[in-house]
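Peer 1: Would you be able to build a 3D model of this:
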Amino acid sequence: ELYINFSLDAAVPPDHLVRQLASCVDFSFIRPLVRPLYSHTGQPSVDPVVLFKLALLGYLYNIRSERQMCEEAGLNLAWRWFLGYELTEPIPDHSVLTKARQRFGPAVYVQFFQRVVGLCRERGLIQGSRLYVDSTLVAADASAKSVQSRTLLRQLPGQPTAYLARLAWDPQAGRSRPERKRSVTPVGALVVSRTDPDAALISHGPRQQARLKHKVHMAVDGGRSRIVTAVTAVPASHGDGQGLPAILDQHQVTVGSPPQEVVADTGYATVTAFQACADRGVTASIPSWPTTNRRGGWDREHFTYDAELDRYVCPQGRTLRRIHDNVASRQQVYRAPFGVCPSCPVRQECGPGLRARTVTRSFDHQLLEAARVHMQTAAGRAALRKRKQFIELVFADAKVRHCLARAQRRGRDNMLIQALLTAATMNLRKLVQFQPPVGAGAAAMGGLRPLQGAVWAVQCIADWATSASSPFAALRCDLFALRLRRDSTPAFGNSLRLV
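Peer 2: Residues are numbered from 1 along each chain as shown. Now for the predicted structure:
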């Protein structure tokens with residue numbers, strides 16, 4: 001130290017990701033968020049800004065282990081500069097991150113995520129009119145071998161009341177048709193993992209092995225930046241449609257206004273989702289489930305409904321009158337008179353093996369019918385075609401590059417924190433990516449390297465091709481996936497070990 005003159009600031013390249021991130025975001029807003037959680041007495045603690053920056057570095061460079069992340073922070077000069085630590089200063093221990101996460105709780109990370117979305121809104125990266133929503137299953141940090149019977153666990157002596165409360169499970173939660181009889185009891189009603197009680201045992205197919213997983217919902221803005229505006233974590237056994245109201249409310253709180261349109265897949269086609277959109281004045285571009293007859297024969301579309309007399313008329317002119325209401329499944333049941341169907345000439349096509357044909361009609365038929373009619377329009381079909389270009393790419397980026405492939409810790413609160421930090425990290429990268437260059441026109445391009453200039457041109461073409469006014473908007477070729485932007489220095493590529 002007496003004979004070496006070394007500048008840590010000069011060692012970090014100007015185009016490094018952490019330097020660009022530091023120039024875009026002032027992280028001092030973190031201190032007011034956590035100030036009520038700290039005491040004015042006692043030993044000085046680690047700066048909460050450093051704790052959040054250190055956590056973000058792990059998500060930026062896809063490092064799941066906090067121990068490995070702290071070791072890399074001590075070796076990487078750019079990371080030290082970003083954290084504000086000199087070469088002679090020790091990096092905080094990884095246990096500090098665990099204690100801080102337990103102290104902050106999900107509420108602080110929700111506020112941090114909302115603040116990041118607010119920065120994106122201030123930079124003009126959020127369109128706000130269209131919202132793409134989808135969910136993904138995240139593997140839990142628990143083995144399927146830890147699954148045991150719920151009944152036996154409740155009988156174990158010495159179990160605390162709080163733990164037993166977490167094992168409570170509502171078999172009707174997340175179902176679009178409550179109280180409906182099932183021939184098979186859901187697995188989650190019988191077993192639970194002792195390692196992670198919040199995880200659910202889910203299988204993707206009849207021949208695939210069931211695994212413990214969590215479910216994460218994300219909402220992506222319809223602008224070219226693809227900013228994540230809402231994140232929730234729910235049990236994996238919950239239906240997708242049950243999570244849409246919370247996503248819409250969180251998006252409105254974060255952005256400041258509700259979207260004009262919500263685009264999602266068929267998993268969200270439930271009465272709860274459609275009603276949530278109708279109550280908030282949002283257009284639901286969600287394809288409905290096909291109205292097929294599970295017993296074979298014609299579906300409800302072949303019958304004509306007479307609203308004045310509240311009855312259905314079959315293609316042969318026979319009348320199906322309303323006989324009763326199935327309150328459990330929220331359906332009205334219409335049936336033809338006995339003795340009419342056996343002699344019908346189209347019985348085999350209409351309903352083979354039935355003494356009297358029945359047709360059901362949902363209590364919320366008008367709501368479901370309005371959504372189905374909207375999806376038959378050109379605007380509804382065009383919005384659905386662009387869904388994969390937005391939400392699917394965001395989930396792929398989150399799982400492959402930003403630590404969402406597997407839960408790092410156990411519990412639903414920790415899963416929510418992980419999803420929030422993943423979404424915040426992706427939004428921060430978009431802040432850096434779409435930061436306006438210094439100068440304009442040829443002057444701005446002149447300061448770029450040849451490869452960077454080509455990347456900037458390809459990005460401009462991709463943004464134009466995926467815009468709504470482009471003639472290529474209907475195509476499914478997303479030029480955004482072909483971007484060649486040169487990535488920043490890898491986490492392990494620019495390290496200097498100090499002996």
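
Peer 1: Now the residue nearest to residue 387 when sequence neighbours are not counted, what are its backbone angles?
Peer 2: Using Cβ to Cβ, 6 or more residues apart in numbering and skipping residues adjacent in sequence, the residue nearest residue 387 is residue 263, 5.1 Å away. To be clear about C-beta, it is placed using only N, CA and C from the backbone, and glycine gets the same treatment. Main-chain torsions, residue 263, degrees, to the nearest 10: phi -120, psi 130.

Peer 1: Quick check: residue 263 touching residue 129?
Peer 2: No. Residue 263 lies out of contact with residue 129 (Cβ atoms under 8 Å); the separation is 11.2 Å.

Peer 1: In terms of packing, which of those two has more residues around it?
Peer 2: residue 263 (27 against 12; other Cβ atoms under 10 Å).

Peer 1: tell me the contacts of the more buried one?
Peer 2: 130-133, 222, 285-286, 383-384, 386-387 (Cβ atoms under 8 Å, 6 or more residues apart in numbering).

Peer 1: Among these, which pair sits farthest apart?
Peer 2: 222 and 286 (14.9 Å; Cβ to Cβ).

Peer 1: higher neighbour count, these two?
Peer 2: Each of residue 222 and residue 286 has its neighbours counted (other Cβ under 10 Å); residue 286 has more, 28 against 23.

Peer 1: Quick check: that one touching residue 261?
Peer 2: No. Counting by Cβ under 8 Å, residue 286 does not reach residue 261; the two are 10.3 Å apart.

Peer 1: related to what we said a few turns ago, switch the contacts of residue 263 over to CSV; also include secondary structure.
Peer 2: Output for the contacts of residue 263, formatted as CSV (DSSP: H, G, I helix; E, B strand; the rest coil):
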residue, secondary structure
130, strand
131, strand
132, strand
133, strand
222, coil
285, strand
286, coil
383, helix
384, helix
386, coil
387, helix
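
Peer 1: Determine the longest helix present in this structure.
Peer 2: helix 94-122 (DSSP state H).

Peer 1: list the helices and strands that helix packs on?
Peer 2: Judged by 3 or more Cβ pairs under 8 Å, 6 or more residues apart in numbering; DSSP states H and E, the packing partners of helix 94-122 are helix 30-34, helix 48-60, helix 66-75, strand 228-235, helix 244-255, helix 412-433.

Peer 1: Kindly compare burial across these and name the winner.
Peer 2: strand 228-235 (a mean of 24; mean count of other Cβ atoms under 10 Å).

Peer 1: contacting residues around the nearest residue to residue 48 once chain neighbours are set aside?
Peer 2: Nearest non-adjacent residue to residue 48, counting by Cβ to Cβ, 6+ apart: residue 34, 4.7 Å away. Residues in contact with residue 34 (Cβ under 8 Å, 6+ apart) are 48, 104, 108.

Peer 1: Would you check that the first one makes contact with residue 30?
Peer 2: Meaning residue 48. Yes. Here residue 48 reaches residue 30: they are 5.4 Å apart, a contact under Cβ under 8 Å.

Peer 1: Quick check on residue 406: phi, psi?
Peer 2: When quoted as degrees, to the nearest 10, the phi and psi of residue 406 stand at phi -150, psi 150.
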